[in-house]
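Enquirer: everything below, folded, please.
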Amino acid sequence: MFEILYWGSFIGRNDIVSSILNLGYSPLVQPHKKLENAVFGAVKGDQYDTLKLILSQRYISANFTTFESCREAYDQRGNTVMHIAYFYKRDKIAKLLEEHGYNDKLKLKRNNRGLLP
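Expert: Okay, here's the model as predicted:
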């Protein structure tokens, strides 16, 4: 289900994303090592409305530490969602991420090449 959520986010299928989120699945969970979470999918696919939908949901986690580590996920190259947004010059998406608190620690995290977002 998490793979469907990722690809739905990547191509901007808000109907699919909304249905899966309503079932209780988290867009922050990484399905496996080779595929990022749904937030990455929306950023990589340049899907502003889908990302806005994902970030508009209220998430309650039983384990705050695990929730934060999922939120601060990175890809195989060490890039966070902020790295991706700035690399592809998605300023509107980067601003939306910053408004939802993704700028705190993620702007200070370097990727594998030592670059900041």
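
Enquirer: any low-confidence regions in the chain?
Expert: 60-69, 104-108, 112, 117 (pLDDT under 70).

Enquirer: from Leu51, how far out is the residue most central in space within it?
Expert: In the chain, the centroid-proximal residue (CA atoms, centre = their mean) is Val39; its distance is 2.1 Å. Taking CB to CB, to the nearest Å as the measure, Val39 falls 7 Å from Leu51. Backbone N, C-alpha and C define where each C-beta goes, glycine included.

Enquirer: shared neighbours, those two?
Expert: Ser9 (CB atoms under 8 Å, 6 or more residues apart in numbering).

Enquirer: does the closest residue to Tyr59 other than its chain neighbours count as helix, strand or coil?
Expert: Closest residue to Tyr59 apart from its sequence neighbours, by CB to CB, 6 or more residues apart in numbering: Ser26 at 6.5 Å. Under DSSP: H, G, I helix; E, B strand; the rest coil, Ser26 falls in the coil class.

Enquirer: about what we covered before: residues touching the residue nearest to the centre of the chain, list them.
Expert: Contact partners of Val39, counting by CB under 8 Å, 6+ apart, are Ser9, Pro27, Leu28, Leu51, Ile54, Leu55, Ala73, Val81.

Enquirer: for it, give its distance to Gly114.
Expert: Relative to Gly114, Val39 is positioned 23 Å away (CB to CB).

Enquirer: show me where this protein has its helices.
Expert: Secondary structure of the chain (DSSP state H): helices at 2-11, 14-22, 38-44, 48-56, 64-71, 81-87, 91-99.
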